[in-house]
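[1] predicted model and sequence below, questions to follow.
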Amino acid sequence: MTMLDGLSFVQTFPLASLEVGQHWYWEIGNYRVHGQVFMTSWFVISLLVIASLAATQNVQRIPSGMQNFMEYVLEFLRDLAKNQLGEKEYRTWLPFIGTLFLFIFVSNWSGALIPWALIKLPEGELAAPTNDINTTVALALLTSLAYFYAGLSKKGLSYFSHYIEPIPVLLPIKILEDFTKPLSLSFRLFGNILADELVVAVLVFLVPLFIPLPIMALGLFTSAIQALVFATLAGAYIHEAIEEEH
């Protein structure tokens, strides 16, 4: 990913060009995207779709198998959304918060459990979708759009009045807060997943068998916590946008 491309005081005097990592680029129209991220993202989405279809293919009054498992997942997501948004509002936002949690959870676990590095690509290598900063930033920006939409749909243009409450001098601070929310969401998730995969990769290289296993187990736990934290914060931000001022 090109981070600094032609950094210069003037265009004719380039100062630096820095390339971090190798990527398998796809050309889609005028855009160049990371192909390996698309592949792993589609894999995660396919797993979720297949699990959903398997659970709803033959619905029984007394659930069992995949239906029973997915109903447990749904109950967990319902409680998560209800705890953040309350009884009246959670149903509207359950699909969004639930989708965020499931995508991040399965993405994180795919990076911990699937040996993506064994699949050879023309350039770069496969990894969890959340191992790429572009994915986590996209999820964070979607969350920002969601809580802006929630506030505007609930309060109309009066939503913006909270920027100057209780005193107008807080306006710059509250605007800055809207920028820091997606930044903290994206970099927290990206940093934790990248660090976990790097630690496991180094330990597997140095001590191939027994030592990495506890670290991998800890990584699974951390991956689940990161999905929970992201979804919980998304719910909290949406609740903050729609709650009435007192």
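    Thanks, I have it. Since the structure is predicted, the reported quantities are computational estimates derived from the model, not experimental observations.
[2] low-confidence ranges in the protein?
    Along the chain, segments meeting pLDDT under 70 span 1-22, 200-201, 204, 207-212, 244-246.
[3] okay, helices next: where are they in it?
    35-56, 65-85, 90-113, 133-155, 171-206, 212-242 (DSSP state H).
[4] stretch 122-135: how far from the chain's middle?
    13 Å (Cα atoms, centre = their mean, to the nearest Å).
[5] what's around residue 119, how many residues?
    12 (other Cβ atoms under 10 Å). Every C-beta, even on glycine, is put in place using the N, C-alpha and C of the backbone.
[6] who's in contact with it?
    Residues near residue 119 by Cβ atoms under 8 Å, 6 or more residues apart in numbering: 125-126.
[7] quick one: contacts of stretch 151-161?
    Contacting residues not belonging to stretch 151-161 are listed as 241-242 [Cβ under 8 Å, 6+ apart].
[8] re the thing from before, tell me which of the helices of the chain sits nearest to residue 25.
    helix 35-56 (6.4 Å; Cβ to Cβ).
[9] mind listing what's buried in the closest one?
    Buried residues in helix 35-56, counted by 16 or more other Cβ atoms under 10 Å: 35-37, 39-41, 43-44, 51, 55.
[10] any idea how far residue 71 is from the closest residue to residue 34 other than its chain neighbours?
    Leaving out its chain neighbours, the residue that sits closest to residue 34 by Cβ to Cβ, 6 or more residues apart in numbering is residue 23, at 4.8 Å. Residue 23 sits 39 Å away from residue 71, going by Cβ to Cβ, to the nearest Å.
[11] between those two, which one's more packed in?
    residue 23 (20 against 13).
[12] right, and the more buried one touches residue 36 too?
    Yes - using Cβ atoms under 8 Å, residue 23 is in contact with residue 36, at 6.8 Å.
[13] shared neighbours of the two, anything?
    Going by Cβ under 8 Å, 6+ apart, residues that sit against residue 23 and also against residue 36 are residue 124.
[14] just give me the neighbour total for residue 184.
    Residues near residue 184, counting by other Cβ under 10 Å: 12.
[15] how about residue 234?
    Residues lying near residue 234 (other Cβ under 10 Å) number 26.
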